[in-house]
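Asks: everything below, folded, please.
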Amino acid sequence: MTRPSPSTQAVHEAWAAYRRLQLLVDPAIARDLEKNSNLSMPDYEVLSAVTDLAHTQMCVRVGPLAGHLRWAHSRLSRQLGRMEQRGLIAREACELDGRGDDVLVTEAGRRAYEEAAPAHLASIDRHFGRALTAEHLTALINIERALSADR
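Replies: Numbering: from 1, shown residues only. Down below sits the predicted model:
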């Protein structure tokens, strides 16, 4: 059974609401992160993704990392270059096949990520979580799943 399509007007209103939410929430959380940790939001996203992927994979390759973050490969490469210059990550040739690079979180990167996490989570709660009910959160999770499944 197919779902009935929402009206075009409802889709446009929902899209506009989504964009306003991004403009309201994302900058506030990014400002808090930079103020509390000296990490940018992209720094934090990369450190988080590499840390998460390292628990399930022997090598965190640049290509799969870009896919995980849903970033263009060129964007990730530039971000990794900036982070490597700051000593947050290192890139090494993959030992498994010698092709491509593995991305590793350095000790300084791990320390920065672990120190930033509590304040970052508190910022997410302050700017996002506190205003939402359990039903709101469930709806957002379901929306993300529906959109991801459609890709």
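Asks: now do the longest helix anywhere in the chain: which elements does it pack against?
Replies: Longest helix of the chain, by residue count under DSSP state H: helix 8-37. Under the contact criterion of 3 or more CB pairs under 8 Å, 6 or more residues apart in numbering; DSSP states H and E, helix 8-37 touches helix 41-54, helix 107-124. Where C-beta positions appear, they are placed from N, C-alpha and C, glycine not excepted.
Asks: buried residues of the longest one, list them for me.
Replies: So the one you mean is helix 107-124. Residues of helix 107-124 classed as buried: 109, 110, 112, 113, 116, 120, 123, 124 (neighbour count, 16 or more other CB atoms under 10 Å).
Asks: starting at the chain centroid, how far to that helix?
Replies: 14 Å (CA atoms, centre = their mean, to the nearest Å).
Asks: next SSE after it?
Replies: helix 134-149 (DSSP states H and E).
Asks: other residues contacting that next one?
Replies: 129, 132 (CB atoms under 8 Å, 6 or more residues apart in numbering).
Asks: what angle do helix 8-37 and that helix make with each other?
Replies: 100 degrees (axes from the mean of the first three to the mean of the last three CA atoms, to 10 degrees).
Asks: chain center to helix 134-149, what's the gap?
Replies: Worked out by CA atoms, centre = their mean, helix 134-149 lies 17 Å from the chain centre.
Asks: return it as PDB; C-alpha atoms alone will do.
Replies: What follows is helix 134-149, C-alpha atoms only, in PDB (Å, rounded to 0.1, in the frame of the first residue of the first chain):
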ATOM      1  CA  ALA A 134       9.700  12.200  23.400                       C
ATOM      2  CA  GLU A 135       7.100  12.200  20.600                       C
ATOM      3  CA  HIS A 136       9.000  15.000  18.800                       C
ATOM      4  CA  LEU A 137      12.300  13.000  19.100                       C
ATOM      5  CA  THR A 138      10.700   9.800  17.800                       C
ATOM      6  CA  ALA A 139       9.200  11.700  14.900                       C
ATOM      7  CA  LEU A 140      12.600  13.200  14.000                       C
ATOM      8  CA  ILE A 141      14.200   9.800  14.200                       C
ATOM      9  CA  ASN A 142      11.500   8.300  12.000                       C
ATOM     10  CA  ILE A 143      11.800  11.200   9.500                       C
ATOM     11  CA  GLU A 144      15.600  10.600   9.200                       C
ATOM     12  CA  ARG A 145      15.100   6.900   8.700                       C
ATOM     13  CA  ALA A 146      12.400   7.500   6.000                       C
ATOM     14  CA  LEU A 147      14.700   9.900   4.100                       C
ATOM     15  CA  SER A 148      17.700   7.600   4.500                       C
ATOM     16  CA  ALA A 149      15.800   4.600   3.300                       C
END
